[in-house]
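Engineer: quick one, structure for this:
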Amino acid sequence: MVAAILILGLLFIAFVVLGVYAGVKAIGAAKRSVDRTITQARRTVEETTLRAKSYGQAGVGGELARLRLSLRTSMRATQDALRQGVAEDASLAESLGLFERLSVHGRQLDEELNKLERDPDRGTVASLLPTLKQRTEQITQSADALRWAARDRAQRFTDDDLDALNAQIDLEAGALRHWTVETDTPAPGGSRPRQEAANGPEQGPEPENGPVADGPARAITAPDPRPQTAYPWQKKARPETTN
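Structural biologist: The predicted model follows:
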């Protein structure tokens with residue numbers, strides 16, 4: 001009796017611990033989801049504001065907004081392309097590592113541009129614009145180079161796979177066009193089979209019920225009865241009839 005109570009107590013404690021652990025994990029996941037939503041909303045507001053300034057504001061403020069918008073757009077596009085590509089091509093891991101190092105410089109420049117947007121000394125800020133523009137172009141060009149190289153690599157793999165598939169289809173199509181010609185089964189006693197219709201069948205004595213049929217019968221291999229994957233463009237197969 002005591003052992004049963006002890007086992008029930010241990011099971012109860014285990015269920016409580018498991019429930020607390022599951023609750024903590026759920027709260028953590030919910031918090032991360034909320035943080036991602038807030039970050040995404042803040043980023044959307046910032047980029048909308050930058051876009052409005054770049055088109056509607058002239059002078060130093062508009063130029064700084066255009067630099068920040070160009071920097072953010074290029075970096076985000078490259079980040080998405082590399083993270084998506086590394087899941088399918090592990091060789092992009094090194095490129096992703098280089099991009100992470102480039103992102104450090106990109107974030108520093110973005111923060112610097114953001115501070116200069118609020119700086120009241122427009123004359124000094126205007127004198128810094130050529131250097132800031134050069135730094136922005138240097139970072140965005142490097143990010144664009146990584147992004148397009150990853151896309152070209154993925155496209156090359158796709159083209160190579162399609163070429164190989166087309167070659168296999170050509171071979172299969174050629175094999176399907178080779179019809180087989182059946183020959184007669186050798187008769188008991190070792191007599192040789194009749195030759196193919198191209199050489200002309202041997203003439204033998206006609207049976208009492210009528211003449212022998214002209215030429216051997218042609219047989220076509222039946223289609224594979226195994227189930228096939230259904231596609232939207234696939235029609236329902238028609239049953240094959242034999243004469």
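Engineer: what residues sit buried inside stretch 114-127?
Structural biologist: Going by neighbour count (16 or more other CB atoms under 10 Å), the buried part of stretch 114-127 is Leu116, Glu117, Val125. No exception for glycine: its C-beta is placed from N, CA and C like everyone else's.
Engineer: hey, where'd the strands end up in this structure?
Structural biologist: Along the chain, the stretches classed as strands by DSSP state E are 180-181, 218-219.
Engineer: how is this protein carved up into domains?
Structural biologist: As given by automatic domain parsing, the domain ranges for the chain are 8-56, 58-172.
Engineer: can you pull the buried residues of stretch 132-145?
Structural biologist: Leu132, Arg135, Thr136, Ile139, Thr140, Ser142, Ala143.
Engineer: oops, could you answer that again for stretch 83-91 instead?
Structural biologist: Applying 16+ other CB under 10 Å to stretch 83-91 flags Gly85, Val86 as buried.
Engineer: and for Arg82, the neighbour number?
Structural biologist: Actually, residue 82 is Leu. It isn't Arg. When neighbours are counted by other CB atoms under 10 Å, Leu82 registers 23.
Engineer: ok, the residue nearest to Leu98 when sequence neighbours are not counted - how many residues close by?
Structural biologist: Spatial nearest neighbour of Leu98, excluding adjacent residues (CB to CB, 6 or more residues apart in numbering): Leu146 at 6.8 Å. Burial of Leu146 is recorded as 19 neighbouring residues (other CB under 10 Å).
Engineer: tell me how far Gly123 lies from Asn114.
Structural biologist: 19 Å (CB to CB, to the nearest Å).
Engineer: can you check Ala30 too?
Structural biologist: Counting by CB to CB, the gap from Ala30 to Asn114 is 30 Å.
Engineer: and stretch 101-115, what's buried?
Structural biologist: Using 16+ other CB under 10 Å as the test for burial, stretch 101-115 gives Leu102, Ser103, Gly106, Leu109, Asp110, Leu113.
Engineer: ok, so of those residues, who is nearest Ala3?
Structural biologist: Ala3 lies nearest to Ser103 out of the buried residues of stretch 101-115, by CB to CB, at 60.1 Å.
Engineer: now do the contacts for Leu71.
Structural biologist: Applying CB atoms under 8 Å, 6 or more residues apart in numbering to Leu71 gives the contacts Gly106, Leu109, Asp110, Leu113, Thr136, Ile139, Thr140.
Engineer: the fourth one contacts Arg68, doesn't it?
Structural biologist: Right, the one you point to is Leu113. Yes. Taking contacts as CB atoms under 8 Å, Leu113 lies within contact range of Arg68: 4.8 Å.
Engineer: nearest to Gln79, of the buried residues of stretch 101-115?
Structural biologist: Ser103 (7.4 Å).
Engineer: what's the burial count for the residue nearest to the closest one when sequence neighbours are not counted?
Structural biologist: Closest residue in space to Ser103, ignoring its immediate chain neighbours: Met75 at 6.5 Å, by CB to CB, 6+ apart. Residues lying near Met75 (other CB under 10 Å) number 23.
Engineer: flag the shaky bits of the chain, pLDDT-wise.
Structural biologist: Applying pLDDT under 70 to the chain picks out residues 31-36, 38-40, 42-43, 45, 47, 56-57, 180-243.
Engineer: tell me where it has helices.
Structural biologist: 2-56, 59-86, 93-117, 122-176 (DSSP state H).
Engineer: from the contact counts, what lies against the first one?
Structural biologist: The criterion is 3 or more CB pairs under 8 Å, 6 or more residues apart in numbering; DSSP states H and E, and the helices and strands that helix 2-56 contacts are helix 59-86.
Engineer: surely Gly106 meets Thr73?
Structural biologist: No. In terms of CB under 8 Å, Gly106 does not count as a neighbour of Thr73; the distance is 11.3 Å.
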